[in-house]
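*Asks:* the following block contains a protein sequence and its predicted model.
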Amino acid sequence: MGTGCGRLLLQNALRDAAALGFGRLVLDADPGAEAFYARFGAVRIGLVPSGSVPGRLLPQMAFDLAETSCGS
């Protein structure tokens, strides 16, 4: 954390998805990572149950690839 690797990986994933014609990318985030994704334009669209921790809810985040700035 804090090395910039996550930012680079996310920017590449968003850029590649947009280049492939995807208009939206949706992911289930760790609650502690919600702010990270939001800094890059993701918005919370709901909550989903964790597949590994019973009773835990995860923020479901969406990127609108037509509006996401990969250079943030």
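*Replies:* Alright, I've got the coordinates.
*Asks:* what's the burial count for residue 59?
*Replies:* For residue 59, the neighbour count with other C-beta atoms under 10 Å is 20. The C-beta positions use only the backbone N, C-alpha and C, and glycine is treated the same way.
*Asks:* what's the pLDDT at it?
*Replies:* Note on residue 59: pLDDT of 98.
*Asks:* which residues does it bridge with?
*Replies:* For residue 59, the beta-bridge partners are residue 47 (DSSP bridges).
*Asks:* could you list which residues are in contact with it?
*Replies:* The contact partners of residue 59, taken as C-beta atoms under 8 Å, 6 or more residues apart in numbering, are 28, 29, 31, 34, 44, 46, 47.
*Asks:* select only the buried ones of those in ChimeraX?
*Replies:* Selecting the buried subset of the contacts of residue 59 in ChimeraX, with 16 or more other C-beta atoms under 10 Å as the burial test, is done by:
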select :29,34
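*Asks:* now do the helices in this structure.
*Replies:* For the chain, applying DSSP state H gives helices covering 5-19, 34-39.
*Asks:* those: which one's closest to residue 56?
*Replies:* helix 34-39 (13.4 Å; C-beta to C-beta).
*Asks:* from the contact counts, what lies against the closest one?
*Replies:* Where contact means 3 or more C-beta pairs under 8 Å, 6 or more residues apart in numbering; DSSP states H and E, helix 34-39 is packed against strand 57-64.
*Asks:* quick check: angle from the strand it packs on to helix 5-19?
*Replies:* Calculated by axes from the mean of the first three to the mean of the last three C-alpha atoms, to 10 degrees, strand 57-64 forms an angle of 50 degrees with helix 5-19.
*Asks:* for strand 57-64, buried residues please.
*Replies:* Neighbour counts over strand 57-64 (16+ other C-beta under 10 Å) mark 58, 59, 60, 61, 62, 63 as buried.
*Asks:* ok, the last one touching residue 14?
*Replies:* Yes - under the criterion of C-beta atoms under 8 Å, residue 63 makes contact with residue 14 at 6.1 Å.
*Asks:* any shared contact partners between those two?
*Replies:* Joint contacts of residue 63 and residue 14 (C-beta under 8 Å, 6+ apart) are 25, 40.
*Asks:* OK, contacts around the residue nearest the centre of the chain?
*Replies:* Centroid-nearest residue in the chain, with C-alpha atoms, centre = their mean: residue 37, separated by 4.6 Å. By C-beta under 8 Å, 6+ apart, residue 37 lies in contact with 10, 27, 29, 61, 63.
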